[in-house]
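1. return atomic coordinates for the entry below.
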Amino acid sequence: MSLLACPAAASVDAPALHAYARGRLADSDGALNLASSSYRAALEQDPASVDIARRSYFQALESGDMPLALQSARLLEDQGLLPRDGTLLMIADALARKDWAEARRWTRRMEEEVNFGFLTSIVDSWISLGEGRYVAPAINSGDRFAALASRYIDEHTALQALAWRDLSAAMPAIRRALALRLVDLTGMRLTFAAQLAAAGDKDMASALLPEGRLSFARARADIASGKGRAAGAPMTPRQGFARLIARLASDVASDAARDSATGASTAALGIRLGRIAIFADPDAAEPRLVAARLLGQGGYPAFAADESRAVPLGSWFHMIAQGELVDALADGGDKAAATALARRIAAMPDAESERHVRLGRLLADAKDFTGAAAAFRAAQGHYSPDAVPWALLLFEGSALEQGGQWDAARAVLERAAALAPEEPMILNYLGYAQVERRQNVATALGLLKKASSLRPDDASIADSLGWARFVSGDKAGAVPILEAAVAGAPDDATINEHLGDAYWSVGRRFEARYAWTAASTFADGAIAQRLAAKMREGMKPEYAAP
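-> Model (predicted):
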């Protein structure tokens with residue numbers, strides 16, 4: 001259906017149609033700035049159009065255009081069509097204007113709409129702080145959403161107590177808040193430390209920031225020199241609300257990553273929430289960092305880079321922002337700039353393990369496997385020899401193996417297997433690498449059997465096990481295992497080729513060519529040439545898969 005024939009376009013007045021069409025096309029191409037400016041022009045020409053307002057609202061949030069977002073939201077509200085996250089936008093606007101009555105009205109609306117109603121007590125408490133008659137947030141244990149509220153209440157109880165400079169009430173809440181979080185802990189520690197330093201508790205502020213970490217180096221230096229008092233003025237309601245919505249955005253995005261069925265729409269909601277958090281407190285670093293991460297994950301690396309760069313050099317959050325910028329540059333295709341920045345960061349004193357891992361992955365993507373292995377070894381330097389995470393050893397072993405240093409790779413992988421003998425990823429990699437080289441095939445087969453028993457539904461492990469059976473001479477036994485692997489990963493060229501080779505070896509020639517054809521659909525380069533030769537001439541020793 002053409003754009004002009006779609007129902008939405010039919011309701012747009014003619015003077016606005018061209019701008020609306022341009023916005024739709026820019027929207028489909030991911031050009032958010034052009035889409036936003038086009039919808040703004042269309043809305044100016046046809047301010048009564050609900051269709052334009054709806055498009056404008058979502059695009060304005062994704063691109064970070066708060067005036068357009070508010071204009072669109074108000075039009076949609078007049079028509080009774082404001083999305084539920086629009087209620088949060090209206091609260092942010094009311095708090096920014098210190099219109100406490102309006103903020104309360106929208107908070108009651110949020111409570112009635114249910115979606116974000118579990119935040120009501122926390123938002124009410126921030127409003128009461130602004131009104132000068134503070135009432136602490138509380139959870140109703142009988143509320144069905146009490147568990148959701150408990151994710152956030154300790155952090156805001158602490159921040160509000162710090163705003164009153166009540167350190168005795170703040171510290172227990174700080175400890176509970178840090179114990180509950182799995183993500184955003186670095187930013188949370190910096191925020192708490194800034195508030196404590198500003199309140200004059202230099203020792204407790206420093207205690208929240210472990211030594212030997214680049215992310216905390218600037219903050220620790222400022223606190224030690226007495227500059228920490230300037231780091232955190234008492235938090236205002238709009239600032240507290242911004243952090244609440246930023247934390248919610250981060251959690252929503254984490255939930256989206258775990259749920260493939262609703263992942264795309266939930267991830268988009270996370271981006272909108274992240275933008276609302278920035279609107280609520282445009283001077284804060286932490287909401288920008290959350291938005292940068294979510295924009296990068298959502299396929300908008302240029303916007304992610306912009307938000308990362310917006311955190312200034314003197315900010316305690318600057319080094320976290322630099323890490324986000326590395327990811328944004330890499331996701332945007334500028335791997336050279338990303339690698340150069342990652343290398344500079346990794347060379348800094350106290351660079352954390354994850355900084356070296358980020359560099360190692362970039363170097364591995366660039367086929368610099370020697371450099372990648374060195375970066376992964378550097379990441380291990382933050383741990384005692386018997387406490388190195390197995391994943392770091394797997395990363396190093398993989399880089400060495402791909403770089404042609406098999407003997408060194410095998411030693412590292414065997415060390416990883418000794419540290420984590422029940423980890424199927426290690427068993428699979430070590431087993432398959434030996435099968436590929438036709439070394440210790442019987443031992444490798446044992447490793448792969450164990451990996452398969454630990455993770456029976458993993459197509460990659462099933463392929464490794466099936467191929468090991470094939471290489472060890474059990475052609476017939478390999479077939480059903482490889483068939484199961486293909487069923488789990490039908491678009492994997494290697495698995496389809498392995499199945500084709502197994503079919504040919506047991507006399508199922510037609511099915512072999514069918515499997516090779518399927519493999520060739522997803523193959524290129526030398527693999528595609530080998531598959532073409534098999535399909536043309538049949539299986540020959542020189543055409544065998546590795």
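2. what's the single longest helix in the chain?
-> helix 237-258 (DSSP state H).
3. just want the angle from the next helix or strand after that one to helix 237-258.
-> For helix 237-258, the following helix or strand on the C-terminal side (DSSP states H and E) is helix 263-280. Between helix 263-280 and helix 237-258, the angle formed by their directions is 170 degrees, by axes from the mean of the first three to the mean of the last three CA atoms, to 10 degrees.
4. so for helix 263-280, mean pLDDT?
-> Across helix 263-280, the average pLDDT comes to 90.
5. go on, stretch 508-528?
-> In this model, stretch 508-528 has a mean pLDDT of 94.
6. buried residues, the longest helix of the chain. List them.
-> 237-253, 256 (16 or more other CB atoms under 10 Å). All C-beta atoms are positioned from the backbone trio N, CA, C, and that covers glycine.
7. before we move on, what about stretch 276-287?
-> Ile276, Ala277, Ile278, Phe279, Ala280, Asp281, Ala284, Ala285, Glu286, Pro287.
8. dump these into TSV; add distance to Val479 as well.
-> Shown next, in TSV, are the buried residues of stretch 276-287 (distance: CB to CB, whole Å):
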residue	distance to Val479
Ile276	55
Ala277	54
Ile278	56
Phe279	59
Ala280	60
Asp281	61
Ala284	59
Ala285	57
Glu286	55
Pro287	55
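9. now, the most widely separated pair of those residues?
-> Taking CB to CB as the measure, the buried residues of stretch 276-287 span a maximum distance of 16.4 Å, between Ile276 and Ala285.
10. ramachandran angles for Glu307?
-> When read as degrees, to the nearest 10, the backbone of Glu307 gives phi -70, psi -40.
11. shaky segments in this protein?
-> Residue ranges of the chain with pLDDT under 70: 1-42, 44-45, 256-264.
12. surely Leu68 touches Phe58?
-> No: the criterion here is CB atoms under 8 Å, and Leu68 misses it with Phe58 at 10.7 Å.
13. what about the nearest residue to Ser206 once chain neighbours are set aside, how many residues nearby?
-> Spatial nearest neighbour of Ser206, excluding adjacent residues (CB to CB, 6 or more residues apart in numbering): Ile223 at 5.2 Å. If you count neighbours by other CB atoms under 10 Å, Ile223 ends up with 25.
14. and the one helix or strand Ile223 maps to, what does it pack against?
-> Secondary structure from DSSP H and E places Ile223 in helix 214-225. When contacts are defined as 3 or more CB pairs under 8 Å, 6 or more residues apart in numbering; DSSP states H and E, helix 214-225 packs onto helix 185-198, helix 202-207, helix 318-331.
15. JSON lines please, covering these and showing distance to Val388.
-> Output for the helices and strands packed on helix 214-225, formatted as JSON lines (distance: least, CB to CB, whole Å):
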{"stretch": "helix 185-198", "distance to Val388": "21"}
{"stretch": "helix 202-207", "distance to Val388": "27"}
{"stretch": "helix 318-331", "distance to Val388": "22"}
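16. so which of those is nearest Leu295?
-> helix 318-331 (7.9 Å).
17. chain center to the closest one, what's the gap?
-> 12 Å (CA atoms, centre = their mean, to the nearest Å).
18. the next helix or strand after that helix to helix 318-331, inter-axis angle?
-> Scanning forward in sequence from helix 318-331 by DSSP H and E, the next helix or strand is helix 335-346. Orientation check (the same axes, to 10 degrees): helix 335-346 against helix 318-331 gives 160 degrees.
19. for whichever helix or strand comes after helix 335-346, packing partners?
-> Downstream of helix 335-346, the first helix or strand assigned by DSSP H and E is helix 353-365. Contacts defined by 3+ CB pairs under 8 Å, 6+ apart place helix 353-365 against helix 318-331, helix 335-346, helix 369-380, helix 390-402.
20. give me the buried positions along the third one.
-> Judged by neighbour count (16+ other CB under 10 Å), helix 369-380 contains these buried residues: Phe369, Gly371, Ala372, Ala373, Ala374, Ala375, Phe376, Arg377, Ala378, Ala379, Gln380.
21. I'd like those as TSV, with distance to Ala103 appended.
-> Compiled in TSV, the buried residues of helix 369-380 are given as follows (distance: CB to CB, whole Å):
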residue	distance to Ala103
Phe369	56
Gly371	53
Ala372	51
Ala373	55
Ala374	54
Ala375	48
Phe376	49
Arg377	53
Ala378	49
Ala379	46
Gln380	50
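22. go through those and say which is closest to Trp106.
-> Ala379 (46.4 Å).
23. now that closest one: closest residue in space that isn't a chain neighbour?
-> Once flanking residues are discounted, Ala379 sits nearest to His356: 3.8 Å by CB to CB, 6+ apart.
24. isn't that neighbour up against Ala372?
-> No: the pair His356 / Ala372 is not scored as a contact, 10.1 Å apart, by CB under 8 Å.
25. show the contacting residues for Ser128.
-> Tyr134, Val135 (CB atoms under 8 Å, 6 or more residues apart in numbering).
26. give me the element it is part of.
-> helix 120-131.
27. quick one: that helix to helix 237-258, angle?
-> Going by the same axes, to 10 degrees, helix 120-131 makes 160 degrees with helix 237-258.
28. tell me the helix or strand right after helix 120-131.
-> Where DSSP H and E defines the elements, the next helix or strand beyond helix 120-131 is helix 146-149.
29. give the buried residues for that following helix.
-> Leu148, Ala149.
30. likewise for stretch 134-142?
-> Those would be Tyr134, Ala136, Pro137, Ile139, for stretch 134-142 by 16+ other CB under 10 Å.
31. secondary structure class for Val183?
-> Here Val183 is recorded as coil under DSSP: H, G, I helix; E, B strand; the rest coil.
32. between the helix holding Ile223 and helix 318-331, how big is the angle?
-> Going by the same axes, to 10 degrees, helix 214-225 makes 160 degrees with helix 318-331.
33. buried ones in helix 214-225, by neighbour count?
-> Leu214, Ser215, Phe216, Ala217, Arg218, Ala219, Arg220, Asp222, Ile223.
34. also stretch 439-457?
-> Within stretch 439-457, the residues that qualify as buried are Val441, Ala444, Leu445, Leu447, Leu448, Lys449, Lys450, Ala451, Ser452, counting by 16+ other CB under 10 Å.
35. name the element the second one belongs to?
-> This means Ala444. Here Ala444 is assigned to helix 441-454, by DSSP H and E.
36. ok, and what's touching that helix?
-> Applying CB under 8 Å, 6+ apart, the contact partners of helix 441-454 are 417, 422, 424-425, 427-428, 430-432, 434-435, 458, 461-462, 464-465, 468-469, 471-472.
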